[in-house]
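In: The following block contains a protein sequence and its predicted model.
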Amino acid sequence: MRMPSESGQRERRYVRPPRVVVFPTEAEVPESKRHLEQRTALYAILKFSFRDRATIGSDQFVYWDPTDPSECLAPDAFVRLGLPDDRFDSWKAWERGAPQLAVEIVSGSDASDAAWAAKLRKYHRLGVSEVVRFDPDRAELRIWNLVEGDLVERALAPSAPAECVPLALFWVIRADEAGEPMLRLARDERGVDLLPTPEEAALERVRRLEEELAKRT
């Protein structure tokens, strides 16, 4: 069998054609409205603040074994630092590298200890540097970091901001517009200077413009 090289300048001969492995890009998975709103809000915050220097995903399949499509995860949010954001249908770690950060907002499918343990083993195999688990029902935050090749849960102070190591920020839990606990990121250790949602950033721009206009009059 003959195939052109990547440069197209010469042919390479192979003893057999490549075996094509199909990696699905979507699946029908039920999602509650609250889970959808929390997931998309966090994705919007990450994309707004990091789109110029990171690739951000939400609910796309992430694969790490080029021979086995069943070896996959679909984080509620994930970040790969180093390149500007772009569009992708699925994430293949052998092409793009493992995300440094993955976030899971607890849903019915992974609420049990057994289901979460199985998911955590997959994150370990994927090689994610930081895995965040947020339970909005309990307003509970748990974090695992990759330490010397092992994915280890971090000891957190109750109700205090927790360091987000890959992004050099701090995880905090704050109430959303409906009063529901929501996972946010802050620039400071006290958790006061929050990364804005796109809507909050737009309102802040309007406020500053109004202040400037008021100074001129």
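Out: Perfect, thanks for sending it.

In: Now Glu199: phi and psi?
Out: In terms of degrees, to the nearest 10, the main-chain angles of Glu199 are phi -70, psi -40.

In: got a list of what it touches?
Out: Under the criterion of CB atoms under 8 Å, 6 or more residues apart in numbering, the contact list for Glu199 is empty. Yep, even glycine has a C-beta here, placed from its N, CA and C like the rest.

In: residue contacts, the spatially most central residue of the chain?
Out: Nearest residue to the geometric centre of the chain (CA atoms, centre = their mean): Phe78, 1.5 Å. Each residue near Phe78 by CB under 8 Å, 6+ apart is listed here: Ile56, Gly57, Ser58, Val62, Trp91, Pro99, Leu101, Ala102, Val103, Val128.

In: wouldn't the second one be in contact with Pro99 here?
Out: Yes: using CB atoms under 8 Å, Gly57 makes contact with Pro99 at a distance of 7.5 Å.

In: Show me which of those two is the more surrounded one.
Out: Neighbours per residue, other CB atoms under 10 Å: of Gly57 and Pro99, the larger number sits with Pro99, 29 against 23.

In: And the closest residue to the more buried one other than its chain neighbours, its phi and psi?
Out: With sequence-adjacent residues excluded and distances taken as CB to CB, 6 or more residues apart in numbering, Pro99 is closest to Phe78, at 4.1 Å. With angles defined as degrees, to the nearest 10, Phe78 sits at phi -150, psi 150.

In: re the thing from before, overlap in contacts of Gly57 and Pro99?
Out: Common neighbours of Gly57 and Pro99 (CB under 8 Å, 6+ apart) are Pro75, Phe78, Val79, Trp91.

In: element containing the third one, please.
Out: With secondary structure defined by DSSP states H and E, Val79 is part of strand 77-81.

In: what mean pLDDT does that strand have?
Out: Strand 77-81 shows a mean pLDDT of 98.

In: what's the offset of the helix or strand following it from the middle of its chain?
Out: Per DSSP H and E, the first helix or strand lying C-terminal to strand 77-81 is strand 91-92. From the chain centre to the centre of strand 91-92 is a distance of 13 Å (CA atoms, centre = their mean, to the nearest Å).

In: contacts for strand 91-92?
Out: Contacts of strand 91-92 (CB under 8 Å, 6+ apart): Phe23, Gly57, Gln60, Phe61, Val62, Tyr63, Pro66, Phe78, Arg80, Pro99.
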